[in-house]
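> Build me a model:
(2 chains)
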There are 2 protein chains.
Amino acid sequence: MMMDNWKKLSGATVLGLFAGGLTLAGATMAQDLTGPLVLKDQGSFFVGGALEQTDAMTGTPGGFLGYSNSDGIKVDQMYVQFQVPKGSARNIPIVMIHGCCLSAKTWEDTPDGRMGWAEYFVRNHHAVYLPDQSARARSGFDATTINEVRLGLKPVSALPNIFTFGRQSAWDLFRFGPAYPTPWPDEQFPVEALSDFGNQVIPDLNATLPTPNPTYENLANVAIQAGGAVVVGHSESGFFPEEAALTNSSGIKGIISIEGQCPTLNPGQIQTLAKIPTLVMFGDHLTGSTISGTFWPTNLAGCQTFVHQLKSAGGKAKLVQLPQIGLHGNSHMLMQDRNNLQIADYILDWISQNVSQQHGKPMVGKNRDAPD
Amino acid sequence: MMMDNWKKLSGATVLGLFAGGLTLAGATMAQDLTGPLVLKDQGSFFVGGALEQTDAMTGTPGGFLGYSNSDGIKVDQMYVQFQVPKGSARNIPIVMIHGCCLSAKTWEDTPDGRMGWAEYFVRNHHAVYLPDQSARARSGFDATTINEVRLGLKPVSALPNIFTFGRQSAWDLFRFGPAYPTPWPDEQFPVEALSDFGNQVIPDLNATLPTPNPTYENLANVAIQAGGAVVVGHSESGFFPEEAALTNSSGIKGIISIEGQCPTLNPGQIQTLAKIPTLVMFGDHLTGSTISGTFWPTNLAGCQTFVHQLKSAGGKAKLVQLPQIGLHGNSHMLMQDRNNLQIADYILDWISQNVSQQHGKPMVGKNRDAPD
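Prediction:
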């Protein structure tokens, strides 16, 4: 199967679908995947956050050990890790935001241990920023309501619906195969590592968040702190880059929406987003399975309408289904699929051709800032 | 104040307290803090985890969209990030595990943006492994019980006590000062960045975990995957390295317990732990404030007993209170204090003098393994 996939990719190259980009990216790949990684800087920081005055969040009425909580506890903040490679001054930074029931792990090593997009983009000389959504993973969440129910201060009906998914639903919705546990014949997701993928799946606490989701504004601020960036969303967060730009577009120089849903916008919103180069991407096997066979065509149609509207408003927008460019068998988790780096090459090429690489000085640590 | 601290450190150096270690570490520090970071490898992986058959964890009785959950959802797994620097073959890997209501962020950039221990140890040529405790941050947690209460399948009394802390309790318990918001005159914690520290504080879901805490066994497995490692615990996890070694000591070559609690152990347990070089560390101002002024002396006394027992059993064990070595004003979060890298130098020196640097090949990515 690996050979077949390699042949398909070679075919795509011969067809010139990656003209310009793949040669460079391919050369980088061969050279850099096994060489040392040289970083100008790395670190982590937070954006956003509000202070909540809550005794319940400490789990103890009257305050833990009698301490007052009157000066508040932080909620809605967003944790961000970043790496700035040597040579990144000439390339636009990238922000990658993960989807439902996942964390920034999405973009790191794949379930079967191959290199993920985060390091690959760094090795291709882009600074990369990896947030955990507000209310997820290292960003924490607001436990006040759950504790208030425990303490009898609120009814059971106030509890948030904490969502996650099992491997059978993932198999269908993430398009690993037509029916669990059978994979598609050309499936690109490393299904042998399904158990490892299951480790990445964590509870989604977005039901605890206020409206609008603070991740939108936080994402806009990460892009500003990065000195201007391309923002990449996936699945639940597929449209978060657009939502961030509708909050504050000043730092968002390009948008990549992968396998998400595109809602109906008003003309003013379309006008704002049409100023930002936008790539919308879907994988393979959108039809043919049970529930997901109606879910994905609906999402695709919504995004086709959105891209059409951007173009009509003068925008530089493109929707690509991977089979159209010779890549077959890609799942919903295409950044972890066997051909994930070839898809990354396509995106790197699209960015270099459509997004200005000009940007400000990205955030670096206080006491380290190696020469570029 | 910075000058005073520098004088104190110089004094300590003259006294020979850092004999051998500080010269090298100091030289490394001057050279490497602002230079590029060269990594042989980096990545993330999971250890442990159990499959739970739960409809409630998907938030929907009967299963989300009717999908079966009969093949289970992962719980109790532990997420680990790692970096392996060039030149690390000669140094023992380090595993750093965070405390209550925190994540691996503890060891990254400080709240005021200085370099944390994780990168500093990497720059001192140690591979570093950073887990999020099971049931915390990117390791996820088991939301089944919360959802079962929401669905009326369990009583309200089954809800876990989700614990976190506010800035007033932190001020006293973490010893930022005698009474909120006044700092100690020689306080080393960057209190001007208290709000940024608050971003790191996230809900502790350990009440959702089974007994024994799966983090113990998971930590032991990380040390094995690292090829043998020194395990560093802090606060809630101060004694986790010992708990891990009592589960499986084969990968644990050294233990550093910082600002934790040392429980009473039986002779067999002491015998097991006495085989592992152990450093127990506390900061300053253990007495003098309201609640924490009784809390910390109790913890100190428990750990003094523990270290005495290790020594009596032939162990290489040491308890150090930082003022004893000329470092004053250190808080509970001493890895984030203004003199955090000087404390790191002391630890690096202790490791080099007390722990064998021999270790197996640490875990690296599948398709990248640069020469050392």
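
> And the helices in the stretch 251-372 of chain A, which stretches?
A:267-273, A:292-312, A:340-354 (DSSP state H, counting those that start in this stretch).

> any chance of those in TSV, with mean neighbour count too?
From N, CA and C alone the C-beta is placed, and that goes for glycine too. Output for the helices of the stretch 251-372 of chain A, formatted as TSV (neighbours: other CB atoms under 10 Å in any protein chain shown):
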stretch	mean neighbour count
helix A:267-273	15
helix A:292-312	17
helix A:340-354	21
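
> export these to a markdown table and tack on distance to chain B?
Shown next, in a markdown table, are those (distance: least, CB to the nearest CB, whole Å):
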| stretch | distance to chain B |
| --- | --- |
| helix A:267-273 | 29 |
| helix A:292-312 | 9 |
| helix A:340-354 | 10 |
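
> Dump those to a markdown table, plus distance to B:Ser88 and mean pLDDT.
Listed next are the helices of the stretch 251-372 of chain A as a markdown table, based on distance: least, CB to CB, whole Å; pLDDT from 0 to 100:
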| stretch | distance to B:Ser88 | mean pLDDT |
| --- | --- | --- |
| helix A:267-273 | 46 | 98 |
| helix A:292-312 | 44 | 95 |
| helix A:340-354 | 26 | 98 |
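
> nearest spatial neighbour of the residue of the stretch 151-300 of chain A found nearest chain B, skipping sequence neighbours?
Nearest residue of the stretch 151-300 of chain A to chain B (CB to the nearest CB) works out as A:Ile202 at 2.9 Å. Nearest residue to A:Ile202 in three dimensions, chain neighbours excluded: B:Gly140, at 2.9 Å (CB to CB, 6 or more residues apart in numbering or on different chains).

> What of A:His328?
Counting by CB to CB, 6+ apart, the residue nearest A:His328 is A:Asp186, at 5.1 Å.

> With respect to B:Leu159, which of the helices of the stretch 251-372 of chain A lies nearest?
Across the helices of the stretch 251-372 of chain A, B:Leu159 has its closest neighbour in helix A:292-312 (32.8 Å, CB to CB).

> How about the residues of the stretch 201-350 of chain A by chain B?
Within the stretch 201-350 of chain A, the positions near chain B by CB under 8 Å from any CB of the partner chain are A:201-203, A:291.

> Could you dump those into TSV with neighbour count added?
Shown next, in TSV, are those (neighbours: other CB under 10 Å):
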residue	neighbour count
A:Val201	21
A:Ile202	26
A:Pro203	23
A:Ile291	14
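
> From these, pick the one nearest A:Pro131.
Ranked by distance to A:Pro131 (CB to CB), these are led by A:Ile202 at 14.9 Å.

> where exactly do the strands run in chain A?
A:37-47, A:50-52, A:73-75, A:78-85, A:94-97, A:128-131, A:229-234, A:252-258, A:278-282, A:317-321 (DSSP state E).

> still on that earlier bit, quick one, which of the helices of the stretch 251-372 of chain A gets closest to A:Gly35.
Going by CB to CB, the one of the helices of the stretch 251-372 of chain A nearest A:Gly35 is helix A:340-354, 15.0 Å.

> CA atoms only for the closest one - export them in CSV, please.
C-alpha atoms of helix A:340-354 as CSV (Å, rounded to 0.1, in the frame of the first residue of the first chain):
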residue,chain,number,x,y,z
ASN,A,340,0.6,13.9,5.9
LEU,A,341,3.8,15.6,4.9
GLN,A,342,2.8,15.6,1.2
ILE,A,343,-0.4,17.4,2.2
ALA,A,344,1.7,19.8,4.2
ASP,A,345,3.8,20.4,1.1
TYR,A,346,0.7,21.4,-0.8
ILE,A,347,-0.2,23.8,2.0
LEU,A,348,3.3,25.3,2.2
ASP,A,349,3.1,25.8,-1.6
TRP,A,350,-0.3,27.5,-1.4
ILE,A,351,0.9,29.8,1.4
SER,A,352,4.1,30.8,-0.6
GLN,A,353,2.0,31.6,-3.6
ASN,A,354,-1.0,33.3,-2.0
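
> Give me the angle between that helix and strand A:317-321.
Following axes from the mean of the first three to the mean of the last three CA atoms, to 10 degrees, one obtains 160 degrees for the angle between helix A:340-354 and strand A:317-321.

> packing partners for helix A:340-354?
Secondary-structure packing of helix A:340-354 (3 or more CB pairs under 8 Å, 6 or more residues apart in numbering or on different chains; DSSP states H and E): helix A:21-32, helix A:117-123, strand A:252-258, strand A:278-282.

> dump the residue contacts of the closest residue to A:Lys105 other than its chain neighbours.
Spatial nearest neighbour of A:Lys105, excluding adjacent residues (CB to CB, 6+ apart): A:Gln200 at 5.0 Å. Applying CB atoms under 8 Å, 6 or more residues apart in numbering or on different chains, we find A:Gln200 in contact with A:102-103, A:105-106, A:111, B:46.
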